[in-house]
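Colleague: This is a predicted model, with the sequence first.
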Amino acid sequence: MDNRPVLLEVENLQTHFRTMDGVNRAVDGVSFHVRSGETLAIVGESGCGKSVTAMSILRLIPEPPGKIAGSIRFQGRDLLGLSDKEMRDIRGNEISMIFQEPMTSLNPVLTNGQQIGETLRLHQGLSKSQAEERAVEMLRLVGIPEPGRRVREYPHQLSGGMRQRVMIAIALACNPKLLIADEPTTALDVTIQAQILDLMRDLKTRVGAAIVIITHDLGVVAEVAERVVVMYAGRKVEEAPVADLFRTPRHPYTQGLLGSVPKLGSSLTGQTSRLSEIPGLVPSLKQKIPGCVFASRCPKASDLCRAVPPGLALKAPGHFAACHYAEAEGSVAA
Amino acid sequence: MSATSLPPGVTIPPGLAIAKLPGDILPEVKPKRGAIGFLRRHPTMAIGGGLLLVMVLVAVFAPFLWTKDPTALAPALRTREPSADFWFGTDMLGRDVYSRVLYGARVSLIVGFSVAILASIAGLVIGLVSGFNRLADSIIMRVMDGMMSIPPILLAIALMALTRGSVRNVIIAITIAEIPRVSRLVRGVVLSLREQPYVEAAVASGTRTWKIIFKHILPNTLAPLTVQATYICAAAMITEAILSFIGAGTPPIIPSWGNIMAEGRALWQVKPYIVFFPAVFLSITVLAVNLLGDGLRDAIDPRLAKRI
Amino acid sequence: MWAYIVRRVLATIPVMAVVALFVFSLLYIAPGDPAAVIAGDQATPEDVERIRASLGLDRPYLVRFADWLWDILNGDLGTSIFTNLPVSTMIAQRIEPTLSLMVVTILLAVSIAVPMGVVAAWKQGTMADRAVMGFAVLGFSVPVFVVGYVLAYVFALELDWLPVQGYTPISQGFLPWIENLILPAIALGTVYIALIARITRATMLEVLSQDYIRTARAKGVGQRAILFLHALKNAAVPIVTVIGIGIALLIGGAVVTESVFAIPGLGRLTVDAILRRDYPVIQGVVLLFSFVYVLVNLVIDLLYTLFDPRIRY
């Protein structure tokens, strides 16, 4: 049993957007928690609401047209009840975030040093020269060669991998308790991806931060996560410890997701099998779905599924799935 | 979940985990259709188009809108204040300002529309040529750069200073001043389209240039060109008024809004209404065209399609 | 860097050459016999002949162009047909009011328009945004002389806060100078403000939707720093470009504004020259304005590096 204290508790999170042709229910009733020092992965296809969930935690959703409801408790404080000023004191300080696009996530007209130093000056009240000194240290920490020179350069003078390192330096500058990483490696070359993941793991142990990693890449999940939340069409469909999830996925959607990933080395051992795909399309988030959101694409779906939304039920220790037909521990057929 | 909403034959097994679906946090948005929907989605286009239509009708039916002869002199009735007989008063030659303003709509609209159409056609041709022919491009763009370095109103003034005032010459002068901007726009669109894979594929497979122009280039140029044309129309109406106002435009015998204001200029401190009414009509008409252009631009450019 | 500046300056020479050729050729582009038009309807054939000779119309086109260009390069813009004074002298006498009007208008407009655009973008969709956009579309639609008359009527005639018309040289004191320029500057600046506010809003909206703004928010940066440190600097290049290009509107508008407010500047000179068909004066003014316009935009081009480190020469 995990007895680290709960750092972040998201309960019944709803993030909706008003658009010209209806309300988009991007996130609709999602709950999960993160413990101190833990690494949680949120996975799902693009458009499933995982990035919106991440943005909602830091309240980076523009309101209007968006609206966030539910509760997001961080160290016991509900972030949704904080003033803008209080929220700004948390952003980049206690909770920080890195984004998918290293090429565009850094401000092109400010130097790398200014961008790292800004958080330090904001949250730790450092002077300009102190901030620059710390920025050089941070650049060294994230493995950027010649940090003394790079600190005065601009982002466009760095490669994509290097820029993501600068982003990580910005995010970790104030020793946050929680780091939210939204697809941190997706835009990078495979070799660079591994380096960045290594760096994140390394720094996590040094800083002791909890990480929420948002990704659609199951390889990344297997590599870094302890626990996984699977999202589909704005709802959480499954949650499990990482090994358990990969071994026995309970929700048909997770099963489909895992079935669509090629197994490394399978062609060498002669056990090649067709990659399966999930038929159909993700339903529009602008319609209310009375039953299970996955029913329209699910091989097991019945009238019950289409009428009654499945609740999350405990299927094995620490393993929840929202499916009327998901089998519990001991009764797994295959 | 009440049992009544279940479809027949479906029963809930005991102990089934059922999710409690959260309620909505935002009011439902009903997409509006029909005329009201159009008005809500494109309010500027609807208002601009409506106002412009009214102005066109005023211009066309000016003789039937209780007007008098706009050029009839009546020295005895000089500079009358607006009244039941003379709705907008009379000018220093005793002419009915209301009638002159209504007839003045004709000049403004004719100049605006003609310049928009002529400049678009000329700019389209020049832009296409320079977008497809490198040699022509280097020469044409040099000339256009030079012409664009002369402020357009100044260019129109300089052209008009040397011709006898007539509506036709005003149209020509303003058109010449507007051509460089349209040509640049079209050339830009052509050059960016030529980089598109489907156009490159058409070129590579030996499709004739004129066919590429008609199939790929023209349809994609038309949208930005239409928007540009409305802005040119608005600019041309203002330029016409300015030219007439400083005495280098429409001949004084023709009632145009610029002329009426030019004639009212000497008396504006004591008889401001002579300047006021044509000014209001001119401003509303230009506003209508600008709103129409903004609406078109927003409708055409989906990037600007905004959330509520 | 220096190589680029030299190259960029040299590149304006062909542009100016085209302008010169165009301004010179205006006489021949315009339909009809220019000498007859300039002479006017009551002119005798002798008058027309005299003007023809003074314009040098009896010599070959290119020879005349070369002569004319040579004179201009030597600072000789020709002689006024009406006053017989050198055009350069007439321009020199009239340049101060126009320069004053332009400078005051640009300073006023930029300091009003940029914050307006920034606020509109920040408060997109709110009443503040709608007010700015409404003002912008009105600014484009109400001609400069209408704004001028309304301002003069309300603030000078009715309220009597400011002088109705006229110009006081700056040598007679700053206060009388600026008093006379406020209303004309607002009238002239209206369309310019609309233009700059609109491009500022559009560019800021574009910039504010960028990923790096989201990064800044995620860092806990406050709204003001996001707008003015992170966003405005990124939006600077398009805004500054439009400020430069928009000067064309000011030049055209100055001709009218000076008429409305009876300011004895280059615009007034132009209008008088048109009424007298004093063509060398018109040519001189057009040439001068175009030259200044090209020069200003050249300087702005060279300033880009200040705003965007990605632009290197």
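Modeller: Alright, I've got the coordinates.

Colleague: Name the next helix or strand downstream of the helix or strand harbouring C:Ala92, please.
Modeller: Using DSSP states H and E, C:Ala92 sits in helix C:87-122. Downstream of helix C:87-122, the first helix or strand assigned by DSSP H and E is helix C:127-141.

Colleague: now for that following helix, which elements pack on it?
Modeller: When contacts are defined as 3 or more C-beta pairs under 8 Å, 6 or more residues apart in numbering or on different chains; DSSP states H and E, helix C:127-141 packs onto helix B:273-300, helix C:87-122, helix C:174-208. (Each C-beta comes from the backbone N, C-alpha and C, glycine too.)

Colleague: tell me what the second one is packed against?
Modeller: Just to be clear, that refers to helix C:87-122. helix C:127-141, helix C:174-208, helix C:232-245, helix C:247-260, helix C:266-276, helix C:279-307.

Colleague: Strands of the stretch 51-200 of chain A, residue ranges please.
Modeller: Using DSSP state E, counting those that start in this stretch, the strands of the stretch 51-200 of chain A run over A:66-74, A:77-78, A:95-98, A:178-182.

Colleague: Which one of the ones you listed lies nearest to B:Ile253?
Modeller: Ranking the strands of the stretch 51-200 of chain A by proximity to B:Ile253 (C-beta to C-beta) places strand A:66-74 first, at 61.8 Å.

Colleague: Send me the closest one as PDB with only the CA atoms.
Modeller: Extracted C-alpha coordinates of strand A:66-74, given in PDB (Å, rounded to 0.1, in the frame of the first residue of the first chain):
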ATOM      1  CA  GLY A  66     -14.100  28.000 -20.800                       C
ATOM      2  CA  LYS A  67     -15.500  27.100 -17.400                       C
ATOM      3  CA  ILE A  68     -14.000  24.800 -14.700                       C
ATOM      4  CA  ALA A  69     -16.000  23.100 -12.000                       C
ATOM      5  CA  GLY A  70     -15.400  20.400  -9.400                       C
ATOM      6  CA  SER A  71     -12.500  20.600  -7.000                       C
ATOM      7  CA  ILE A  72      -8.800  20.600  -7.300                       C
ATOM      8  CA  ARG A  73      -7.200  20.300  -3.900                       C
ATOM      9  CA  PHE A  74      -3.400  20.900  -3.800                       C
END
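
Colleague: What sits closest to the most centrally placed residue in chain B if chain neighbours are left out?
Modeller: Nearest to the mean C-alpha position of chain B, by C-alpha atoms, centre = their mean, lies B:Thr230 at 2.5 Å. Spatial nearest neighbour of B:Thr230, chain neighbours left out: B:Gly293 (3.4 Å); criterion: C-beta to C-beta, 6 or more residues apart in numbering or on different chains.

Colleague: With B:Ile300 as the reference, measure out to the one you found.
Modeller: As judged by C-beta to C-beta, to the nearest Å, B:Gly293 and B:Ile300 stand 10 Å apart.

Colleague: how's chain C carved up into domains?
Modeller: Per automatic domain parsing, the structural domains of chain C span C:21-73, C:94-307.

Colleague: got the ones you listed as JSON lines, with distance to A:Ile278, mean pLDDT and mean neighbour count columns?
Modeller: Below are these laid out as JSON lines (distance: least, C-beta to C-beta, whole Å; pLDDT from 0 to 100; neighbours: other C-beta atoms under 10 Å in any protein chain shown):
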{"stretch": "domain C:21-73", "distance to A:Ile278": "66", "mean pLDDT": "75", "mean neighbour count": "15"}
{"stretch": "domain C:94-307", "distance to A:Ile278": "30", "mean pLDDT": "89", "mean neighbour count": "20"}
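
Colleague: Around chain A, which positions in the stretch 201-313 of chain C sit nearby?
Modeller: C:210-212, C:214-222, C:229-230, C:233-234, C:307-310 (C-beta under 8 Å from any C-beta of the partner chain).

Colleague: Quick check: helices, which of those are part of them?
Modeller: Among these, DSSP state H puts C:Asp211, C:Tyr212, C:Arg214, C:Thr215, C:Ala216, C:Arg217, C:Ala218, C:Lys233, C:Asn234, C:Phe307 in helices.

Colleague: Using CSV, please lay out those together with distance to C:Thr203.
Modeller: Output for those, formatted as CSV (distance: C-beta to C-beta, whole Å):
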residue, distance to C:Thr203
C:Asp211, 16
C:Tyr212, 15
C:Arg214, 17
C:Thr215, 19
C:Ala216, 17
C:Arg217, 19
C:Ala218, 22
C:Lys233, 11
C:Asn234, 8
C:Phe307, 12
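
Colleague: Widest-spaced pair of these?
Modeller: With C-beta to C-beta as the measure, no two of those lie farther apart than C:Ala218 and C:Phe307, at 24.5 Å.

Colleague: Does A:Leu122 touch C:Ala218 like I think?
Modeller: No - A:Leu122 is beyond contact range of C:Ala218, at 12.0 Å (criterion: C-beta atoms under 8 Å).

Colleague: all helices in the stretch 51-200 of chain A, in order from the N-terminus.
Modeller: A:84-90, A:112-124, A:128-141, A:147-150, A:160-172, A:190-207 (DSSP state H, counting those that start in this stretch).

Colleague: Enumerate every residue touching C:Tyr293.
Modeller: Neighbouring residues of C:Tyr293 by C-beta atoms under 8 Å, 6 or more residues apart in numbering or on different chains: B:Ser149, B:Ile150, B:Pro151, C:Ile247, C:Ala248, C:Ile251.

Colleague: Need the per-residue pLDDT for the third one.
Modeller: It stands for B:Pro151. B:Pro151 is assigned 88 on the pLDDT scale.

Colleague: how much space between it and chain C?
Modeller: For B:Pro151, the distance to chain C equals 4 Å [C-beta to the nearest C-beta, to the nearest Å].

Colleague: and that residue, what is it in contact with?
Modeller: C:Ile247, C:Ala248, C:Leu249, C:Ile251, C:Gly252, C:Phe289, C:Ser290, C:Tyr293.
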